[in-house]
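>>> Okay, predicted coordinates and the sequence, questions at the end:
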Amino acid sequence: MSVFVLDRSGLPLMPCSEKRARKLLAAGRARVHRRVPFVIRLVDRHADSCGFQPLRIKLDPGSKVTGLALVRDTETVEAGTGEIQRGAAVLSLLELVHRGRQISEALTARRSMRRRRRGNLRYRAPRFLNRTRKAGWLAPSLQHRVDTTLAWVTRIRRWAPVTAISSELVRFDMQALENPEISGIEYQQGTLAGYEVREYLLEKWGRKCAYCDASGVPLQIEHLHARARGGSNRISNLALACEPCNLKKAALPLERFLSKDPKRLARIQAQAKRPLKDAAAVNATRWALAHALKATGLPVELASGGRTKYNRSQFGVPKTHALDAACVGSVDAIKAWRKPT
């Protein structure tokens, strides 16, 4: 990871490599300003005499973990066509673990203790009319995700000269999921065709085969009620299956194919109709986070989770929360993600 650098007045400068930071500290030209994350402060440099390059914070909001990536925007002109290719050089990767579940459990325990105190120990008349909520109210477990993410964006802006922000606005394109026959060239033949649905199914079915629980193998989109028998492309009729299971089931009815495994049949039928709790949490906070990021005054780029998945697949980047953040938005190349400099 790159080291954040401040000038002698505490203003942010361009991050440097770990090797350069060690040399500056050894030469007495810098002091340790903060240890986690590591920030140094120069004693002989002022921001007015330094050059800057465009830096961008990229966010991959999640229900349990949010990925953050600090990247340097790059532009190259493609030979022959003259087209400008927008790239990103990764400088720092961070993962922010949320405490939404702990907050929800703590509030539930507090509510039960208050009810017991009011009911068994002393009586206090209910005052429901006093319970008002302001517009845009979010549950504490959800508001926590917005507040902590914005807090770290603010911290990074104090340590680096950030000029723009990119964030996922929606985890999935719900319009394309609900209506697979939606018209429009981008949905029918665009580069993102199928990525929204596949990413949704990977999370919904735990990235494993619905019939044999195989993981770490190529998974195919499977119609629970076969198309040959009148099944539709609606998301509630889709699952993931490995190739052997997909071929074995073919067009058989689900009840017949799993007649010897009623427990798995009941679980698949329930899972097919069950919404994603984590996806619901992300969708509930997406606009609150987007408005909070726009309030920073920086240009904010909003993109979908399908675009992130497409970028990650195109560049061969492994799936982690932080690397997902680096793949957010419109980008034609990603550099230095294996060993950030």
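Nice, thanks for sending it over.

>>> Please count neighbours and contacts with C-alpha atoms only from this point.
Fine.

>>> Low-confidence bits of the chain, can you list those?
The model of the chain has pLDDT under 70 over residues 119-124, 126-130, 170-196, 275-279, 339-341.

>>> any idea which residue sits dead centre in it?
Central residue of the chain (CA atoms, centre = their mean): residue 60, 2.7 Å from the mean position.

>>> For that one, list the residues it contacts.
66-68, 167-168, 321-322, 324-325, 328 (CA atoms under 8 Å, 6 or more residues apart in numbering).

>>> what pairs with residue 95 across the strands?
Residue 95 has these beta-bridge partners by DSSP bridges: residue 67.

>>> quick one on the thing from earlier: please flag which of the contacts of residue 60 sit within strands.
66-68, 167-168 (DSSP state E).

>>> Next, please give the residue ranges for the helices of the stretch 201-341 of the chain.
Along the stretch 201-341 of the chain, counting by DSSP state H, counting those that start in this stretch, helices occupy 243-249, 254-257, 262-273, 277-294, 305-315, 321-326.

>>> Not counting its own residues, what contacts the longest one?
Outside of helix 277-294, the residues that reach it under the criterion CA under 8 Å, 6+ apart are 61-64, 136, 138, 142-143, 145-146, 150, 165, 167, 169-171, 300, 302.

>>> Equivalent analysis for the second one, please.
Contact partners of helix 254-257, identified using CA under 8 Å, 6+ apart, comprise 224-225, 249, 265.

>>> Let's see that with 6 Å instead.
Helix 254-257 has contacts (CA atoms under 6 Å, 6 or more residues apart in numbering) with no other residue.

>>> Is residue 138 located within a helix, as I assumed?
No. Counting by DSSP: H, G, I helix; E, B strand; the rest coil, residue 138 is located in no helix; its state is coil.

>>> ok, now how distant is it from residue 61?
Going from residue 138 to residue 61 by CA to CA, to the nearest Å gives 16 Å.

>>> residues in contact with stretch 42-57?
Contacts for stretch 42-57 (CA under 6 Å, 6+ apart): 7-8, 29-30, 69-73, 162-165.

>>> Okay, residue 216 and residue 208: tell me how far apart.
Applying CA to CA to residue 216 and residue 208 gives a distance of 7 Å.

>>> still on that earlier bit, from the contacts of helix 277-294, which would you call buried?
Neighbour-count burial (16 or more other CA atoms under 10 Å) applied to these gives 61-63, 142-143, 145-146, 150, 165, 167, 169-171, 300, 302.

>>> The residues you listed in strands, which ones?
Among these, the members found in strands (DSSP E) are 165, 167, 169-170, 300, 302.

>>> Using JSON lines, lay out these together with distance to residue 47.
Putting those into JSON lines (distance: CA to CA, whole Å) gives the following:
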{"residue": "165", "distance to residue 47": "22"}
{"residue": "167", "distance to residue 47": "28"}
{"residue": "169", "distance to residue 47": "34"}
{"residue": "170", "distance to residue 47": "37"}
{"residue": "300", "distance to residue 47": "25"}
{"residue": "302", "distance to residue 47": "30"}
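
>>> And the residues you listed, which two are furthest apart?
Using CA to CA, the pair of these lying farthest apart is 165 and 170, separated by 15.5 Å.

>>> State the number of residues packed around the closest residue to residue 83 other than its chain neighbours.
Nearest residue to residue 83, sequence neighbours excluded (CA to CA, 6 or more residues apart in numbering): residue 77, at 5.6 Å. Using other CA atoms under 10 Å, residue 77 has 11 other residues around it.
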